[in-house]
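K.L.:
could you look at this predicted model? Sequence included:
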Amino acid sequence: MKTPSIIVPADLQQVLLHACCAPCSSAIVEWLFLHNIKPTIFYFNPNIYPKEEYEIRKNESKRHAESLGIQWIDGDYDHSAWLSSICGLENEPERGLRCEQCFYLRLLKTAQVAKNKGFTHFATTLASSRWKSLEQINRAGQRASEETGNVRFWAQNWRKDGLQERRNQLLKEYGFYNQQYCGCEFSIVKKQ
């Protein structure tokens with residue numbers, strides 16, 4: 001018998017799930033439901049540029065959550081504060097220090113919201129993208145957990161157990177907008 005790749009923390013019944021976008025969260029949310037874990041979506045992505053792109057992604061995430069009847073929390077969009085936080089890292093390559101700092105900022109806010117709302121765990125859909133470094137995401141999540149206290153980061157590789165394939169199916173079923181770059185202006189430049 002095959003051992004499952006996704007390991008659920010003991011007695012986990014609910015989780016605050018940081019969502020980068022609807023396509024990445026769809027299969028994860030479905031998996032959580034199938035395993036009797038209630039997700040609450042936290043959409044916090046001040047890295048996304050331009051604002052119009054941010055709004056499209058935000059609306060798709062909200063539409064997805066509403067279609068499933070799950071709680072969806074809107075984080076603040078302050079791109080200029082995000083730019084200040086990564087100042088000096090603009091020329092870093094994708095998967096470089098800029099990305100890890102970006103993950104940390106988003107997961108720190110997620111951990112803070114989780115703590116304030118009484119969650120014991122938080123997770124992120126960032127770990128579903130093959131374009132992201134799982135090591136960076138896990139370090140950022142662990143650091144956010146340690147700095148916040150009393151809330152644990154559920155480090156999970158959401159690419160496993162057929163979730164990547166299911167994501168692609170759900171993308172078509174829901175007719176989701178599927179972005180072509182990570183989100184920030186620096187990832188646009190690197191893709192061209």
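P.N.:
That came through, no problem.

K.L.:
my guess is residue 186 meets residue 93, correct?
P.N.:
No - counting by CB atoms under 8 Å, residue 186 does not reach residue 93; the two are 9.4 Å apart. (Each C-beta comes from the backbone N, C-alpha and C, glycine too.)

K.L.:
so between these two, which is more surrounded?
P.N.:
Shown here are residue 186 and residue 93; by other CB atoms under 10 Å, residue 186 has more neighbours (24 against 10).

K.L.:
mind checking the pLDDT average for the helix or strand encompassing that one?
P.N.:
Element membership for residue 186 (DSSP states H and E) is helix 185-191. Confidence over helix 185-191 (mean pLDDT, whole number) is 74.

K.L.:
give me the number of residues near residue 139?
P.N.:
Count around residue 139 with other CB under 10 Å applied: 17.

K.L.:
shouldn't it be within a helix?
P.N.:
Yes - assessed by DSSP: H, G, I helix; E, B strand; the rest coil, residue 139 belongs to a helix.

K.L.:
for the closest residue to it other than its chain neighbours, give me the pLDDT.
P.N.:
Residue nearest to residue 139 in three dimensions, not counting chain neighbours: residue 100, with 6.8 Å by CB to CB, 6 or more residues apart in numbering. For residue 100, the pLDDT comes out at 97.

K.L.:
quick check: next helix or strand after the helix or strand harbouring residue 100?
P.N.:
Under the criterion of DSSP H and E, residue 100 resides in helix 97-116. For helix 97-116, the following helix or strand on the C-terminal side (DSSP H and E) is strand 121-124.
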